[in-house]
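Engineer: Need coordinates for the following:
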Amino acid sequence: MINHVFFTRWLVTVFLSHLVLFYFSFLLHHYQLTIRYRKLKRALVFASFFSFLHLFLVAQPTSGSDYQQHCTMGNALRLLYGHCCKPTTTESDSLGPHGVSAATVGVSALAHDFFHFENTAQVPVGLNQHVVSSKKAQANWYRKLVDSWREARPPPKTAEEAARLVIKTLKNHQKADVEGLLAFYGLPLPHTLIQLSTGVPTSLPQGVQYELQTLPVDAKAVADGDTVTVYVSTADPRESSSVPTEVQVATIQREKAREKRNYVKADELHQKITDAGYRVLQVQNEDVLARKYRIRLRGIDAPESKMPYGKEAKDELVKLLQGKCLRVLVYGTDRYGRSVGDIYSNGVFAQEVMLKKGCAWHYTAYDQRPELAKWEREAQMKRVGLWASSNPEKPWEWRKDRREGR
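Structural biologist: As a prediction, this is how the structure comes out:
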């Protein structure tokens with residue numbers, strides 16, 4: 001006969017697993033986080049099954065505290081992350097106490113604890129082992145961090161963004177506390193982050209022809225480490241007066257076709273809009289007519305996709321731009337019809353990040369800015385990114401060899 005205590009423990013674990021799913025569903029909506037949602041749902045099924053095996057075949061009730069320990073939300077999270085969502089070998093090997101890697105869902109664990117703190121005013125159990133200050137001081141940190149998180153637009157979505165928010169918010173606190181808090185969530189420590197020196201210019205630099213304020217960037221819009229497609233709403237004053245008449249008419253007709261559920265006609269009209277260099281995008285559940293621009297990052301040349309470090313360079317640019325509304329200062333147009341410009345993402349100069357992380361070369365043939373040369377030298381000295389190779393091939397030479405059939 002099955003021990004009723006074991007059976008009860010299994011039911012509680014299954015219940016907690018589904019409660020975790022509810023928490024993450026809330027986080028997706030409330031904090032706008034990018035989480036491996038499908039993987040978590042799959043993990044819940046495995047968690048229920050393995051918890052049954054664990055509780056019946058392995059776990060033995062030793063005391064009331066043991067039972068209580070197994071039934072906490074923290075252990076449910078540990079079970080899901082540690083046993084069902086282990087990082088792959090390509091992800092960071094550094095795991096924090098939440099059992100997640102900095103490259104995956106460390107940000108989610110932080111957001112979860114912010115939500116928990118707002119409701120209970122309690123800091124996470126186990127944080128004391130990583131910091132030196134009292135629980136009263138810890139509660140003060142979390143109040144500040146919750147406020148900073150809410151004020152961030154958009155909220156941090158990567159481990160690096162979350163780490164920068166923590167460091168900035170707690171800059172006047174003890175170094176041991178800040179580093180301990182980051183380690184608790186598996187977030188990058190201060191010395192591993194690049195120091196950014198360039199802010200957004202307060203006035204337009206010399207040579208700028210025009211400025212773009214884009215809609216949020218989709219990850220698929222990043223072609224490689226130095227090219228991205230962006231869209232600018234036609235409600236923008238610069239765009240509103242130059243929308244072709246045929247695009248305006250097609251947009252109105254498409255809306256009417258969709259109202260009549262004539263989706264074939266609507267798709268045909270949208271193709272006409274797309275062919276004219278525009279697109280109707282869904283932004284916050286509303287249709288927005290936007291103009292398409294292909295942007296070539298000025299002054300840098302990243303490895304091509306088929307070159308060594310090409311994928312890593314693209315991934316770094318995706319991480320920097322995805323979901324962000326960009327400020328683009330356009331200086332001209334290249335021979336491929338792309339707008340050549342400087343990109344600022346949440347106040348961060350994209351070219352500076354790409355150069356300092358060793359994800360691109362300084363393109364001296366087209367840009368002689370000394371700061372770009374300086375950032376490239378810093379990456380070379382640290383041997384980061386593509387500079388980890390003893391003799392990385394220059395992208396412009398690689399393209400020339402391909403053109404000449406070498």
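Engineer: Which strand runs longest in this structure?
Structural biologist: Determined from DSSP state E, the single longest strand within the chain is strand 286-297.
Engineer: and that strand, what does it pack onto?
Structural biologist: strand 227-233, helix 245-259, strand 278-283, strand 326-333, strand 339-345, helix 350-356 (3 or more C-beta pairs under 8 Å, 6 or more residues apart in numbering; DSSP states H and E). Just so you know, the C-beta spots here come from the backbone N, C-alpha and C atoms, and that holds for glycine as well.
Engineer: what lines up beside the following helix or strand past that strand in the sheet?
Structural biologist: Under the assignment DSSP states H and E, the closest C-terminal helix or strand after strand 286-297 is strand 300-301. Applying DSSP bridges, strand 300-301 is found paired with strand 361-362 (antiparallel).
Engineer: chain center to the following helix or strand past the partner strand, what's the gap?
Structural biologist: Counting by DSSP H and E, the next helix or strand C-terminal to strand 361-362 is helix 370-382. Relative to its chain's centre, helix 370-382 lies at 25 Å (C-alpha atoms, centre = their mean, to the nearest Å).
Engineer: Okay, buried residues for helix 370-382 please.
Structural biologist: 372, 375-376, 378-379 (16 or more other C-beta atoms under 10 Å).
Engineer: Stretch 141-148 now?
Structural biologist: Under the neighbour-count rule (16+ other C-beta under 10 Å), stretch 141-148 has 141-142, 145-146, 148 buried.
Engineer: In helices only, show me these.
Structural biologist: Taking DSSP state H, the ones among these that sit in helices are 141-142, 145-146, 148.
Engineer: Which of these sits closest to Ser305?
Structural biologist: Ser148 (36.7 Å; C-beta to C-beta).
Engineer: thinking again about what came up before, can you list the helices and strands packed on strand 286-297 in a markdown table and add mean pLDDT, distance to Glu316 and mean neighbour count?
Structural biologist: Shown next, in a markdown table, are the helices and strands packed on strand 286-297 (pLDDT from 0 to 100; distance: least, C-beta to C-beta, whole Å; neighbours: other C-beta atoms under 10 Å):
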| stretch | mean pLDDT | distance to Glu316 | mean neighbour count |
| --- | --- | --- | --- |
| strand 227-233 | 98 | 12 | 21 |
| helix 245-259 | 96 | 35 | 15 |
| strand 278-283 | 95 | 25 | 16 |
| strand 326-333 | 97 | 16 | 19 |
| strand 339-345 | 96 | 12 | 22 |
| helix 350-356 | 96 | 7 | 24 |
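Engineer: how about TSV for these, with distance to Gln174 added?
Structural biologist: Formatted as TSV, the helices and strands packed on strand 286-297 follow (distance: least, C-beta to C-beta, whole Å):
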stretch	distance to Gln174
strand 227-233	40
helix 245-259	57
strand 278-283	42
strand 326-333	35
strand 339-345	31
helix 350-356	27
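Engineer: Can you list the low-confidence ranges for the stretch 151-300 of the chain?
Structural biologist: By pLDDT under 70, the low-scoring segments of the stretch 151-300 of the chain are 198.
Engineer: circling back to that earlier point, for the buried residues of stretch 141-148, which one is nearest Gly180?
Structural biologist: Closest to Gly180, out of all of those and judged by C-beta to C-beta, is Trp141, at 10.7 Å.
Engineer: if I pick the closest one, what's in contact with it?
Structural biologist: 169-170, 173, 177, 181 (C-beta atoms under 8 Å, 6 or more residues apart in numbering).
Engineer: Among those residues, list the two that are farthest apart in space.
Structural biologist: Most distant of the contacts of Trp141, by C-beta to C-beta, are Thr169 and Asp177, 11.9 Å apart.
Engineer: Hmm, Leu165 is touching Thr158, no?
Structural biologist: No: counting by C-beta atoms under 8 Å, Leu165 stays clear of Thr158, with 10.7 Å between them.
Engineer: hang on, the earlier thing: can I get the longest strand of the chain as PDB, trimmed to CA atoms?
Structural biologist: The C-alpha trace of strand 286-297 is given here as PDB (Å, rounded to 0.1, in the frame of the first residue of the first chain):
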ATOM      1  CA  GLU A 286      -2.300  48.500 -32.700                       C
ATOM      2  CA  ASP A 287      -1.500  48.600 -36.500                       C
ATOM      3  CA  VAL A 288       1.300  51.100 -37.200                       C
ATOM      4  CA  LEU A 289       2.400  52.000 -40.800                       C
ATOM      5  CA  ALA A 290       6.100  52.300 -40.700                       C
ATOM      6  CA  ARG A 291       8.900  53.000 -43.200                       C
ATOM      7  CA  LYS A 292      11.800  50.600 -43.600                       C
ATOM      8  CA  TYR A 293      15.500  51.600 -43.300                       C
ATOM      9  CA  ARG A 294      18.500  49.300 -43.600                       C
ATOM     10  CA  ILE A 295      21.200  50.700 -41.300                       C
ATOM     11  CA  ARG A 296      25.000  50.000 -41.700                       C
ATOM     12  CA  LEU A 297      26.800  50.800 -38.500                       C
END
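Engineer: ok, and for that strand, which residues are buried?
Structural biologist: Result for strand 286-297 [16+ other C-beta under 10 Å]: buried residues 288-291, 293-297.
Engineer: got TSV for the residues you listed, with distance to Leu329 too?
Structural biologist: Formatted as TSV, the buried residues of strand 286-297 follow (distance: C-beta to C-beta, whole Å):
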residue	distance to Leu329
Val288	23
Leu289	24
Ala290	19
Arg291	17
Tyr293	12
Arg294	16
Ile295	10
Arg296	13
Leu297	11
